[in-house]
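*Asks:* Fold the following and give me the result.
(chains A and B)
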2 protein chains.
Amino acid sequence: MARIAVDAMGGDHAPLAVVRGAEAARVEHVADVVLVGDEGLVRPLLGRQAHIEIVHAPVKVTMEDSPSTALRRKKDSSMGRAFALLKEGKVDAVVSAGNSGAAMAFAIFTLGRISGVERPAIITVHPNASGSLSALLDAGGNVDCKPSHLVQFALMGNVFAKYILGIEAPRIGLLSNGEEETKGNDLTRETHAQLKTLPFNYSGYVEGNDLYNGKADVVVTDGFVGNVALKASEGLAELMVSFLKERIGKSMRSKVGYKLLSDVFNALSKTCDYSEYGGMPLVGVDGVCIICHGKSNERAIKNAIIQAKSFVGKNLSGHIRDAMDEYALSAQNKER
Amino acid sequence: MARIAVDAMGGDHAPLAVVRGAEAARVEHVADVVLVGDEGLVRPLLGRQAHIEIVHAPVKVTMEDSPSTALRRKKDSSMGRAFALLKEGKVDAVVSAGNSGAAMAFAIFTLGRISGVERPAIITVHPNASGSLSALLDAGGNVDCKPSHLVQFALMGNVFAKYILGIEAPRIGLLSNGEEETKGNDLTRETHAQLKTLPFNYSGYVEGNDLYNGKADVVVTDGFVGNVALKASEGLAELMVSFLKERIGKSMRSKVGYKLLSDVFNALSKTCDYSEYGGMPLVGVDGVCIICHGKSNERAIKNAIIQAKSFVGKNLSGHIRDAMDEYALSAQNKER
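*Replies:* From the prediction side, this is the model:
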């Protein structure tokens, strides 16, 4: 059974939500869980029958720690120790809802990057209008990207969609301000030219709304644009929900209507609920690592552990390594 | 009364929707409208009592025309003639729902830029959670921007929010991937440093969701990110709506619920309906110009004419000119 190290001190609701999520995963025999954190805090939260190992690491990486501070001064933190366990081969994956910049830094410096990957990237997965899932990368901290970085994101996204989402020939789209070839900025134009030469199913430019309509299985962009796009959509969704709530409270008629529609609204909120999807995989590092929302609840942590187990089982890192090697080889052959 | 030239041939539903919108504005004595387009097509659509002048210009700029082709070969088009009328002082503003790239090009080359503005920008206005309106710029075609461009967008956005939205000291936010000073990319970091020195109400970095929560009155970004953010939010809103529609159709209970909530849903869709807000002003050119959605209906055209009239009455271009002059002067003084 896969062994997953979970950063017990990471996240707004740590350690309680993390411990509960780990227990829930353990109860369902999803994986062997190793909780890394302050034993004095974690042990009392664990049920007697939990059969969960604790690795004592009392120091916590806070949200205020910069990635470099965390790396330099908090190697012994719960987060640092979790990645060290993975590097040492004592676990198969790491799950953390802590400071995501610090988690990326630990992942990159402890595990190292897969050969051919200049910048590891964070993937988010969300439902689309065709009833399947779409992935976006980079949703992380790679704000100033070169075309080579985006090409690598596309290669990794392709592997992810193929082996994790189970899509045979994933349609890869490059996020732009229009579909026409004349659109885009300097970065996307150069990336577009390179992506066209690659042996995968490249669909060209896609637009912001294509994130959600199922036109692409994988949407590639830099971490700045990815972050803005995701947060902007979240923002409009929240505005719509708050508008509805306010108006619905204003009349008996609408209150009754809402009650009759409660199943539908619940289904919608479940579809939009991040905790259903677990966390966000960091791809391109040499090992499986899931970064969770800071606000992760028990359910999100449990789902992240399930995700981590699946990535280990499906050998995500191995497939990414193969894809990058293949790409390097074909680039060499072209040069000859 | 302000005289507004309306491009009768521009837009998916032209000339009918444009003619109807112009008539509606005329009936309400909003402004004197000059319809610029193919007289043979436009005249039969006009009511007898319309009192609307037609300037005959049968050539149409199509969606396939590149801005440079339109400029070189279609000076006599309805769009080209409308801007020429404004340049010649025969009208006070132009409204067009045609090819927006071409409209920007005609505006810039016919009217010229206001001194101190390197790149004119498109503003979009949308409702926010605090019940007021927020503006975003650039929502247009300035995809590769320098810090100086974004600073000019901020200055123009400030004037727009002050004189058009009526906000005394508009809060100006710079769109970024996080609020902390350590966030942002090369472009935003340099822009951020410059915006801090300006004598307006700069709130620093804002995030994608702040577009809709009312945290800023004006959100500044480049045209690539602006486009992606707006389309991504639209996309998620559409996904939510299609999800609700599909589920609601599935049971009698939910159909009844929907019926009881129909007022609420109608109010929401009205709030989100672009046609309520008219079109998007292009600021930084020497004259008032409103660019409308290609899919503009009668109502959107009418509202754009109302907008145009208000911008003329409130002397938007004059205030932008003053703000740019003041900025140039203070920059000179600093250099001394």
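
*Asks:* residue contacts, the residue of the stretch 1-150 of chain A found nearest chain B?
*Replies:* Relative to chain B, the nearest point of the stretch 1-150 of chain A is A:Val143 (4.0 Å; C-beta to the nearest C-beta). Just so you know, the C-beta spots here come from the backbone N, C-alpha and C atoms, and that holds for glycine as well. By C-beta atoms under 8 Å, 6 or more residues apart in numbering or on different chains, A:Val143 lies in contact with A:Asp222, A:Gly223, A:Phe224, B:Asn177, B:Lys183, B:Gly184, B:Asn185.

*Asks:* And the helices in the stretch 101-250 of chain A?
*Replies:* A:147-163, A:186-195, A:210-213, A:223-248 (DSSP state H, counting those that start in this stretch).

*Asks:* Quick check: next helix or strand after the last one?
*Replies:* Moving toward the C-terminus from helix A:223-248, the first helix or strand encountered (DSSP states H and E) is helix A:252-260.

*Asks:* and the angle for that following helix with helix B:252-260?
*Replies:* Angle of helix A:252-260 versus helix B:252-260, following axes from the mean of the first three to the mean of the last three C-alpha atoms, to 10 degrees, is 150 degrees.

*Asks:* other SSEs contacting the helix or strand just after helix A:252-260?
*Replies:* Once the chain leaves helix A:252-260, the next helix or strand it forms, by DSSP H and E, is helix A:262-272. If contacts are counted by 3 or more C-beta pairs under 8 Å, 6 or more residues apart in numbering or on different chains; DSSP states H and E, helix A:262-272 sits against helix B:223-248, helix B:252-260.

*Asks:* Render the CA-only coordinates of stretch A:184-194 in CSV, please.
*Replies:* This file holds the C-alpha atoms of stretch A:184-194, laid out as CSV (Å, rounded to 0.1, in the frame of the first residue of the first chain):
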residue,chain,number,x,y,z
GLY,A,184,-1.7,36.5,-28.3
ASN,A,185,1.3,38.3,-26.8
ASP,A,186,5.0,37.9,-27.4
LEU,A,187,5.1,34.9,-25.1
THR,A,188,2.1,33.0,-26.5
ARG,A,189,3.1,33.6,-30.1
GLU,A,190,6.5,32.0,-29.6
THR,A,191,5.1,29.2,-27.6
HIS,A,192,2.3,28.6,-30.2
ALA,A,193,5.0,28.2,-32.9
GLN,A,194,6.8,25.6,-30.8
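
*Asks:* Report the buried residues of that stretch.
*Replies:* For stretch A:184-194, a neighbour-count test (16 or more other C-beta atoms under 10 Å in any protein chain shown) marks A:Gly184, A:Asn185, A:Leu187, A:Thr188, A:Arg189, A:Glu190, A:Thr191, A:His192 as buried.

*Asks:* residues in contact with it?
*Replies:* Here stretch A:184-194 makes contact (C-beta under 8 Å, 6+ apart) with A:145-148, A:150-151, A:174-178, A:181, A:204-205, A:220, A:222, B:143-144, B:224.

*Asks:* That stretch - what's its average pLDDT?
*Replies:* For stretch A:184-194, mean pLDDT is 96.

*Asks:* where does it sit relative to the chain's centre, distance-wise?
*Replies:* Here stretch A:184-194 is found 25 Å from its chain centre; the criterion is C-alpha atoms, centre = their mean, to the nearest Å.

*Asks:* Could you check how many residues crowd around A:Arg321?
*Replies:* 18 (other C-beta atoms under 10 Å in any protein chain shown).

*Asks:* Number of residues surrounding the residue nearest to it when sequence neighbours are not counted?
*Replies:* Closest residue to A:Arg321 apart from its sequence neighbours, by C-beta to C-beta, 6 or more residues apart in numbering or on different chains: A:Ile114 at 5.2 Å. Using other C-beta under 10 Å, A:Ile114 is surrounded by 22 other residues.

*Asks:* Please name the residues that touch A:Ile114.
*Replies:* Per C-beta under 8 Å, 6+ apart, neighbours of A:Ile114: A:Gly284, A:Val285, A:Asp286, A:Ser317, A:Ile320, A:Arg321, A:Met324.

*Asks:* Export those as CSV, with columns for secondary structure.
*Replies:* Output for the contacts of A:Ile114, formatted as CSV (DSSP: H, G, I helix; E, B strand; the rest coil):
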residue, secondary structure
A:Gly284, coil
A:Val285, strand
A:Asp286, coil
A:Ser317, helix
A:Ile320, helix
A:Arg321, helix
A:Met324, helix
